[in-house]
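>>> Whatever this is, show me its structure:
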Amino acid sequence: MNGKIKLLLEKIKKPKPLFAGLFVTVSVIIIAVTLVSLAFPDFPEIVAYALYAVSAICLTYTVYITVLVVPKIKAWTIRILRKTEFTSNVLDDYGFRTTVFAVVTFIISVGYALMEGVIAITTASLWFGALAFYYFILALIRGFLLNAKRRAKKHIGKEHEYPIIITKIFRATGISLIILTLAFSVEVFHVGINGQTFKYAGLTIFASAAYAFYKIIHSTVNFAKARKFEDLTIGAIRNVNLADALVSILALQTALLNAYSTGDTGIYNLLTGSVFCALIIFVGVIMIIKANKLLTRYKNERR
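Next comes the predicted model:
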């Protein structure tokens, strides 16, 4: 008897894939039934308490299975990805991975800019028009960075030519961010002073929220990592993503304040917008100063 109990405990401790899959499936069903029962006040208490207990056990063991399975799935996924050169480079080369994600972000940004443009046209809103313009130009800057880096690779190996070209690209990105943000700040000031409110149509506010949170997480994770690499194009992409994330937060704030606040919210939008625009301009200035110092050094080294 003790041997059977030990064997059972061992199977529970190290569940086989089939058993784990079936258990998780059944657990999801039981938990769903338990949640549904909450909507019925006349549901028998004895049955309800039994469901709560079983759901708690199922949830606990499901978490345990997940902790066991996730590392195995991760290891299996990595083995699969390493079978091709492209996916292997994505795993191992941070610079390459940043470039690939920049392409994906470029596509997402264009799509989001188009959505904001459609909202601007349908609502005749200068604010949404300004957002669409800002996102679209940022997408073009990303496209410029990716294309410029690809073209600059032709000069690798030539004395100082490649780093000089990359540094000029970095400086141009900083200048672009400053000009773009100065133009956008005019609309931010106009919105704040006039206390205008804006409303996303239908479910588009959820798309705005999803985009904002995606950009916040993406830019935060990569901001610290990019500082470890000397490739200036990675730093430029990082800073563009930061600008994108800050404006996305501002856009989400204007929508949320309009939906859930009463009174004049213009001052809050003005304060947040001013801080974010100032921060982006500051980043652009730092990029220009850094690029000018590097270009001066390269010029002296070539003499």
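
>>> From now on I want contacts and neighbour counts done on CA atoms only, so please keep to that.
Fine.

>>> ok, now how distant is Pro15 from Ile30?
20 Å (CA to CA, to the nearest Å).

>>> And the helices in the stretch 101-250 of the chain?
Assigned by DSSP state H, counting those that start in this stretch, the stretch 101-250 of the chain shows helices spanning 126-152, 161-194, 204-226, 232-260.

>>> worst average pLDDT in those?
Note on those: lowest mean pLDDT is at helix 204-226, with a mean of 70.

>>> and the gap between the nearest residue to Val24 once chain neighbours are set aside and Lys16?
Nearest residue to Val24 in three dimensions, chain neighbours excluded: Thr62, at 5.9 Å (CA to CA, 6 or more residues apart in numbering). In this structure, Thr62 and Lys16 are 13 Å apart, going by CA to CA.

>>> With Ser208 instead?
Going from Ser208 to Lys16 by CA to CA gives 42 Å.

>>> Give the residue from these two that has the larger number of neighbours.
Set side by side, Ser208 and Lys16 give different neighbour counts by other CA atoms under 10 Å, the larger being at Ser208 (20 against 10).

>>> For the residue nearest to the more buried one when sequence neighbours are not counted, grab the count of nearby residues.
Spatial nearest neighbour of Ser208, excluding adjacent residues (CA to CA, 6+ apart): Leu252 at 6.4 Å. Residues near Leu252, counting by other CA under 10 Å, number 22.

>>> Renumber starting at 769 from here on
Done: numbering now begins at 769, and the last item shifts to Leu1020.

>>> from what I can see Leu1020 touches Ala977, true?
Yes - at 6.2 Å, Leu1020 and Ala977 qualify as touching, with contact defined as CA atoms under 8 Å.

>>> circling back: let me know the pLDDT of the residue nearest to Val792.
Per-residue confidence at Thr830 stands at 82 (pLDDT).

>>> Same question for Ile797.
pLDDT for Ile797: 87.

>>> average pLDDT across stretch 882-890?
Throughout stretch 882-890, pLDDT has a mean value of 81.
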